[in-house]
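S.K.: Below are the sequence and a predicted model for it; my questions follow.
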Amino acid sequence: MELLNAMPPLRKRLNPTIALIVGFLLGGLGLGIYMRSVLDGLMVLVLAVVLASQLEAGGWLLGAAIAGGYGALRVHTSNERLPAAGR
């Protein structure tokens, strides 16, 4: 959690549910595009490659679940640090 707080907030508020779905279905590449953040995309992509190479059969599913969870948590923590819109 400290790593997510140490990272700069995203440029705008995003939906954590959409980030979860994009991360699960498209992995790091999808998250990088949705969040417009190369760093976030690369972190998840590298993690997925490591898991897939180590766990063979189930690595892709675990990688997809982690990517989805990371995306939702990253967007949630970023939204908390951004100024409230329209207030």
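M.R.: It's in. Numbers count the residues shown, from 1 in each chain.

S.K.: Low-confidence stretches in this structure?
M.R.: Counting by pLDDT under 70, the chain shows low-confidence ranges at 1, 85-87.

S.K.: Now do the helices in it.
M.R.: 2-6, 16-35, 38-55, 59-81 (DSSP state H).

S.K.: Return the longest one as CSV; C-alpha atoms alone will do.
M.R.: Spelled out, it's helix 59-81. Provided in CSV are the C-alpha atoms of helix 59-81 (Å, rounded to 0.1, in the frame of the first residue of the first chain):
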residue,chain,number,x,y,z
GLY,A,59,0.1,-18.2,-14.0
TRP,A,60,-1.9,-16.3,-16.6
LEU,A,61,-5.1,-16.5,-14.4
LEU,A,62,-3.2,-15.4,-11.3
GLY,A,63,-1.6,-12.6,-13.3
ALA,A,64,-5.0,-11.4,-14.6
ALA,A,65,-6.5,-11.4,-11.1
ILE,A,66,-3.5,-9.4,-9.7
ALA,A,67,-3.6,-7.0,-12.6
GLY,A,68,-7.3,-6.4,-12.0
GLY,A,69,-6.8,-5.9,-8.3
TYR,A,70,-3.8,-3.6,-8.8
GLY,A,71,-5.8,-1.5,-11.2
ALA,A,72,-8.8,-1.1,-8.9
LEU,A,73,-6.6,-0.3,-5.9
ARG,A,74,-4.3,2.1,-7.8
VAL,A,75,-7.3,4.1,-9.1
HIS,A,76,-9.0,4.1,-5.7
THR,A,77,-5.9,5.4,-3.9
SER,A,78,-5.2,8.0,-6.7
ASN,A,79,-8.8,9.2,-6.5
GLU,A,80,-8.5,9.8,-2.8
ARG,A,81,-5.5,12.1,-3.3
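
S.K.: Centre of the chain to that helix, how far?
M.R.: How far helix 59-81 lies from its chain's middle: 4 Å, per C-alpha atoms, centre = their mean, to the nearest Å.

S.K.: what do you get for stretch 35-53?
M.R.: Worked out by C-alpha atoms, centre = their mean, stretch 35-53 lies 8 Å from the chain centre.

S.K.: do the same with stretch 77-87
M.R.: Put simply, stretch 77-87 sits 18 Å off its chain's centre (C-alpha atoms, centre = their mean).

S.K.: All set, thanks.
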